[in-house]
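In: everything below, folded, please.
(chains A and B)
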There are 2 protein chains.
Amino acid sequence: MVLFNAAQSTKKVVNVALVGPGGVGTSVLEQLSKLEQFKLISITNSKGTYFNESGIPFASAKSELAKASPKCLEKEVIPALAKQQPCIFIDNTSSEDVAKLYPVALSHGVHVVTPNKVGFSASLSLYNHIKETSAASGAFAYKESTVGAGLPVISTLETLLKTGDKVTKIEGVLSGTMSYLFNTYSKSGKNDDILFSKLVSDARDQGYTEPHPGSDLSGSDVARKLAILSRHIPGLENALPDGVDSVDVQSLIPAGLDGDISPEDFLSGLKNHDAHYESLRKTANDNDSVLRYVGVIDAASGKIKCGLETYPSSHPLASLTGSDNIFLFHTERYGARPLIVQGAGAGSAVTAMGVVGDCITISERV
Amino acid sequence: MVLFNAAQSTKKVVNVALVGPGGVGTSVLEQLSKLEQFKLISITNSKGTYFNESGIPFASAKSELAKASPKCLEKEVIPALAKQQPCIFIDNTSSEDVAKLYPVALSHGVHVVTPNKVGFSASLSLYNHIKETSAASGAFAYKESTVGAGLPVISTLETLLKTGDKVTKIEGVLSGTMSYLFNTYSKSGKNDDILFSKLVSDARDQGYTEPHPGSDLSGSDVARKLAILSRHIPGLENALPDGVDSVDVQSLIPAGLDGDISPEDFLSGLKNHDAHYESLRKTANDNDSVLRYVGVIDAASGKIKCGLETYPSSHPLASLTGSDNIFLFHTERYGARPLIVQGAGAGSAVTAMGVVGDCITISERV
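Out: Numbers count the residues shown, from 1 in each chain, chains lettered A, B, ... in the order given. Prediction:
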């Protein structure tokens, strides 16, 4: 006979539906499995969806996908989730098609949690549609992991703003790959002799860049994060009508290497630009400074941009190491020196932590 | 005719009772006044309490204190608050007597928010009493501002732990005064010639220390913060039976200057120790290191201690400036490099921000 567990029974159960059981998705399942308030009722991969309102064991969720059948997320899955509230739709994909369904889920009262940057950095019309549908239905759309993974970036920005502080500027190194490249290439004091193209090539071999390093060097990932952050700031809500495409981005992909070109040809072509980077590095070094690829949101001027900049050795950005992200919140209250959040801004476990943290917050609010 | 405001009317009103309208309290009132979901119903200073369930205008709250009359917080005020739920009891004092009333408020279903470190760094019996009463009644006890003021320190630690990360070590500079003193005294590279006693004296003149600098140099403020943080960490819940008094503290008050002594005599006596500090500074400098007064919680060894330590110039603690606090969370997930939170850890506006942030979280949960 199983004794009634009063403590457990009073805990509200929150249903979750997971889309995209890849690296982050697998970590999300593992972290959720330790928390008694969550029940998995749906799992979706590229083949289809397995839905079971009685609950799918977290541990075997991925193998249960063998039972998945093609189902329309919009017409079949979301309406089924809407009948199992409270329910959280977790999008672990990087798909725009899935992001476009957030308003559908929200209008059905289904909460959305995601590390997918696309929906919140897309056109203002999609962004506003998500925001307005959430406000109208009362369902939450949470996205801590879209910027800095599990680092408390969006929650910190929201607390600053909700309590009445005024953000004057946000600046930082928002890409782990860009962080690694320039922390290695340009240091306070003595630099190694490594050529920029060789560094990028080595970084690719070690898995620090995407398979095609151009994806990282384009700066678009940084621009997406700037779009997401800037839309929180009063006065900048409408600054980016086309989202990421409206950000002033300095791409580090040299002219002529920006087309449909293999990674090998890209890296080979990059060698022609080693002298350019060497000259930038030397000038910085001669001025006791370093190079960093930074994103900046300047509330006063309204400028939202990313590119390669020079920072003095004494600046917090100069002492960055590894592939850490760093965010500096310059505000009215944190006047003299900014509020700083720093640490790993990518990786399955820390990205999943941001996702699961959002799920916990929702479970506390419903 | 006043038109019915639908948006406003659907917002839940949360009552607040404020104790201690000093520097932080005044900032709390100002920040709360901008948020439509809060209604002030009680304000208490050393003279008494003014209670008005119809609401006290935030702007004139301090002048309304002229109407205050002596009332027993425990027997009169808290029971009155209990009838006005949801209600938050905000303690902006540094009083142990008020801290001892948290269990009373919580058992009445009244939430507690405070920057007062005393209750959570006191004996384990009071701490557990607060925790258990909160769990039993479901009323929340929030304390973000007790450590690092408005910096996201406790919320970050809680998210790490709730999502299943394992904290191996927390280390940091937890006192703005200690931060200022050693960031100024011991720098990477060239140091000024200033004597330690002169620096402390100047810092006092500029308001960087308490009127009696011994209060800061004792390390007890750092020890209190360590007590609060450590009690969150699995395995360390019972490590400090006497709270702050169980922490292994290195006081920087020299023997003979630790009694009832005037600030002037204290500063004069400190001169006899300038050679000692100069020697520590020189040794650190010769090893390309700096001195920092740090707090450390080592989960593996169970050691919770604070004292003067040496850190290499490349360490994040070495590049600290001004009176910033810095917190390094070493965890299983943030393996290679810690999650870092840094910024002003004291001041009315930022302390109030942590308090008001907690109030907002409660208003979202009730």
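In: low-confidence regions, chain A specifically.
Out: A:1-10 (pLDDT under 70).
In: and it, what are its domains?
Out: When chain A is parsed with the TED database, its domains come out as A:14-150+A:349-364, A:153-344.
In: please enumerate the strands of the stretch 251-366 of chain A.
Out: Ranges of strands in the stretch 251-366 of chain A, per DSSP state E, counting those that start in this stretch, are A:289-298, A:303-312, A:324-331, A:339-344.
In: let's have the ones you listed in JSON lines, adding distance to B:V104 and mean neighbour count.
Out: All C-beta spots, glycine's among them, are computed from the backbone N, C-alpha and C. Formatted as JSON lines, the strands of the stretch 251-366 of chain A follow (distance: least, CB to CB, whole Å; neighbours: other CB atoms under 10 Å in any protein chain shown):
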{"stretch": "strand A:289-298", "distance to B:V104": "46", "mean neighbour count": "23"}
{"stretch": "strand A:303-312", "distance to B:V104": "50", "mean neighbour count": "19"}
{"stretch": "strand A:324-331", "distance to B:V104": "37", "mean neighbour count": "23"}
{"stretch": "strand A:339-344", "distance to B:V104": "35", "mean neighbour count": "25"}
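In: identify the residues contacting A:V222.
Out: Listed by CB atoms under 8 Å, 6 or more residues apart in numbering or on different chains, the contact set of A:V222 reads A:174-175, A:178, A:249, A:293, A:295, A:306.
In: which of those lies closest to B:L229?
Out: A:L174 (28.3 Å; CB to CB).
In: how close does the closest one sit to chain B?
Out: 15 Å (CB to the nearest CB, to the nearest Å).
In: make sure that residue is actually in contact with A:L328.
Out: No: with contact defined as CB atoms under 8 Å, A:L174 does not count as touching A:L328 (11.0 Å).
In: please give the element, helix or strand, for A:D97.
Out: Using DSSP states H and E, A:D97 falls within helix A:96-99.
In: now the helix or strand just after that helix, how far from the centre of its chain.
Out: Once helix A:96-99 ends, the next helix or strand along the chain (criterion: DSSP H and E) is helix A:102-107. The chain centroid and the centroid of helix A:102-107 are separated by 20 Å under CA atoms, centre = their mean, to the nearest Å.
In: run through the neighbouring helices and strands of helix A:102-107.
Out: Applying 3 or more CB pairs under 8 Å, 6 or more residues apart in numbering or on different chains; DSSP states H and E, one finds that helix A:102-107 contacts helix A:78-82, strand A:87-91, strand A:111-113, helix A:124-137.
In: do you know which of those lies nearest A:V200?
Out: strand A:87-91 (30.9 Å).
In: contact partners of the closest one?
Out: By CB under 8 Å, 6+ apart, the surrounding residues in contact with strand A:87-91 are A:14-20, A:25, A:28, A:41, A:78, A:81, A:98-99, A:102, A:105, A:110-114, A:116, A:355, A:359, A:362.
In: buried sites along the helix holding A:D97?
Out: Buried positions in helix A:96-99, judged by neighbour count with 16 or more other CB atoms under 10 Å in any protein chain shown: A:98-99.
In: may I have that helix as CSV, with CA atoms only?
Out: The C-alpha trace of helix A:96-99 is given here as CSV (Å, rounded to 0.1, in the frame of the first residue of the first chain):
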residue,chain,number,x,y,z
GLU,A,96,11.9,30.3,-37.5
ASP,A,97,8.9,28.1,-38.3
VAL,A,98,8.6,27.0,-34.7
ALA,A,99,9.2,30.6,-33.5
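In: hang on, the earlier thing: for B:R224, find the nearest of the domains of chain A.
Out: The minimum distance between B:R224 and the domains of chain A falls on domain A:153-344, with 22.1 Å, by CB to CB.
In: please state the offset of the closest one from the chain centre?
Out: 14 Å.
In: span of that domain from start to end?
Out: Between the opening and closing residues of domain A:153-344 there is a gap of 12 Å (CA to CA, to the nearest Å).
In: now tabulate the strands of the stretch 251-366 of chain A in TSV and tack on distance to chain B.
Out: TSV is the format used below for the strands of the stretch 251-366 of chain A (distance: least, CB to the nearest CB, whole Å):
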stretch	distance to chain B
strand A:289-298	13
strand A:303-312	12
strand A:324-331	6
strand A:339-344	4
